[in-house]
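J.: Here is my input, please return the structure:
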Amino acid sequence: MPYEGDGRLPVIYVRGFAGGTGGIDAAVQDPLCGFNEGSVQVRVDGADRPAYHQFESPLLRLMTDHGYQLLVHGDQEAYLRQQPAGTVPAATVWVHRFYDEHAPALTRDPNPFSLERAAQSLLELVLLVRRATGAPRVFLVAHSMGGLVARSLLQRVLPDRDEERRLDAATDLVDRVFTYATPHGGIAFEGYGLLERVRDLTGVLGADVFGPDRMFEYLTPTQADGAPARADFAPATMPAGGFPVDRLFCLVGTNSDDYTAALGMAARVVGPRSDGLVRVENAYVEGAPRALVHRSHSGRYGIVNSEEGYQNLRRFLFGDLAVEARLVRLRLPGDVDDDTSWQLETALSIRGLPVVLHQQSAAHLCPIQIERHGEPDATGTPVPLVTTFLSSDATRPTDARTGTRAPAMRHVLRLRLVSLRSHDHVLSFLDHLEQTADWADTLVVDIGPDAGGRCVTWARWNSQIPGAVRDWSSADDDPLEDLDPRAGRWRVEVPVPVGARTLLGPDAAVEITVAPRATLDATGAGG
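T.: Reported below is the predicted structural model:
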């Protein structure tokens, strides 16, 4: 069947690092490379009894939620080659099994693993899938090292094969890329720099792919114009003029305690501010949208087999609205040279979901360092503050007053501002109140049609809502004024509550930007 242009492009999963030959042999025994694994969470209900929330797996949920199909038929590559062009449904899931040719269990004379070869074979799979489905592009979804394989395809393989040597040649084949816990900035060991040097010099178990020299080799084209020199190379920065960073989403894990690989040794040498293997500051591409979730690199509490991961994934792939929030005109007491530092904790929730989609907190060792507003984009100083994606087709509750489906998409942004004091660079707790915020509130945001059918934004602080948040109806309020009505997006500002202006500044506000987005349509337009 031809591509119908409904936004459901083929999904290609790319697995992570397996280690040496023993790990590779074990990895190839799983036909779906771990993307079929789910998990069970426990919550407490109103009677203090455990209530279970089951997450089936990202692969199965794509099939049940979005109508995707899994068409393996014994050998997916052989199946794809046998199908006439354009006859395979586009809404299908494929797994890049790049380790097969390197596995002693499957191959008589396996070659040593090469990340460049994995990226090249990913291109071969992408071309096969596009030919069989007729889809204009594909979605890439990758875990850990798989994200580096995908980036090698985007940044080296496709620019080098392009006749015009374009750095953005990958935009012809790949629509969006979602990475789970990928070490975009490499893997570093806290206080163990010698281990990194030994790893990079010896290439033990192929782990040198996480060091800067090897990353430069497989992320830098040799033929395309505009490629960075070694001295200018930064692993977590994608080159200007290349694949657009707003089409790459980075999901960052912050739970190191539950990563048990190598009997917990990996988590100990990497350090606590990580998912157990990848440090928080190394798990994103600069300028790309991202979310932080309290999940470990893999395992029972792993980031791939999590509801948080899947809900971020589906909204990034299929959401038709991009929403950004920024704090503007913040004026905190004191200055950067006094003994007080300010940390902002954020959490983003969407109505109808049992999980938080994004969370930065001191408890998870990743608060926002709010006084460093002049610093470049980083996990501690994110620009913007929060990015999320919404789908107008998502399930919504019934409006209690009208008995119809609630017209607006609702999400909330929880903010907590905490001050810390130090003396000679040592934290002082003489007047400290642990877990007590100087200011805390929740911004409730509705996005939906007004009476004339025009998409608008409403917002109100929880402190200004009488009763339960769920009982607030944005229909009772006027929509916020669009500050940029000719820009093709909606930009509004919500002043902080009156009682908070003494602390945050008289003109402090949250700026919310809502922009439409889409994948390619049937004619090749869109973006």
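J.: if I look at residue 390, how far off is residue 350?
T.: Residue 390 sits 7 Å away from residue 350, taking C-beta to C-beta, to the nearest Å as the criterion. Where you see a C-beta, it was placed from the backbone N, CA and C, and this is true even at glycine.
J.: joint contacts of the two?
T.: Counting by C-beta atoms under 8 Å, 6 or more residues apart in numbering, the shared contacts of residue 390 and residue 350 are 409, 411.
J.: And the strands in the stretch 401-527 of the chain, which stretches?
T.: For the stretch 401-527 of the chain, the strands defined by DSSP state E, counting those that start in this stretch cover 409-423, 426-428, 439-449, 455-461, 490-495, 509-516.
J.: Tell me which helix or strand in this protein has the weakest average pLDDT.
T.: Ranked by mean pLDDT, DSSP states H and E, the weakest helix or strand in the chain is strand 426-428, scoring a mean of 70.
J.: Poorly predicted segments of the stretch 401-527 of the chain, please.
T.: Along the stretch 401-527 of the chain, segments meeting pLDDT under 70 span 401, 423-425, 430, 520-527.
J.: Name all residues that make contact with residue 226.
T.: Contacts for residue 226 were tallied using C-beta under 8 Å, 6+ apart; they are 167, 239, 240, 241, 242.
J.: could you dump the strands of the stretch 401-527 of the chain to a markdown table with mean neighbour count?
T.: Shown next, in a markdown table, are the strands of the stretch 401-527 of the chain (neighbours: other C-beta atoms under 10 Å):
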| stretch | mean neighbour count |
| --- | --- |
| strand 409-423 | 19 |
| strand 426-428 | 10 |
| strand 439-449 | 19 |
| strand 455-461 | 20 |
| strand 490-495 | 19 |
| strand 509-516 | 18 |
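J.: so what's residue 253 closest to, chain neighbours aside?
T.: Excluding the flanking residues, the one nearest residue 253 by C-beta to C-beta, 6 or more residues apart in numbering is residue 275, at 2.9 Å.
J.: Surely that neighbour touches residue 257?
T.: No - taking contacts as C-beta atoms under 8 Å, residue 275 lies outside contact range of residue 257: 10.2 Å.
J.: Mind checking which of those two has more residues around it?
T.: Just comparing residue 275 and residue 257: by other C-beta atoms under 10 Å the higher neighbour count belongs to residue 275, 32 against 12.
J.: Kindly provide the distance from the more buried one to residue 111.
T.: 31 Å.
J.: mind checking pLDDT for the closest residue to residue 79 other than its chain neighbours?
T.: Excluding the flanking residues, the one nearest residue 79 by C-beta to C-beta, 6+ apart is residue 73, at 4.4 Å. We have a pLDDT of 85 for residue 73.
J.: Please point out which parts of stretch 182-199 sit buried.
T.: The neighbour-count check on stretch 182-199 (16 or more other C-beta atoms under 10 Å) flags 182, 183, 184, 185, 186, 187, 188, 189, 196, 199 as buried.
J.: For those, give me CSV that also has distance to residue 47, pLDDT and secondary structure.
T.: Output for the buried residues of stretch 182-199, formatted as CSV (distance: C-beta to C-beta, whole Å; pLDDT from 0 to 100; DSSP: H, G, I helix; E, B strand; the rest coil):
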residue, distance to residue 47, pLDDT, secondary structure
182, 41, 98, coil
183, 44, 98, coil
184, 45, 98, coil
185, 46, 97, coil
186, 48, 97, coil
187, 45, 96, coil
188, 47, 90, coil
189, 46, 89, coil
196, 51, 85, helix
199, 52, 89, helix
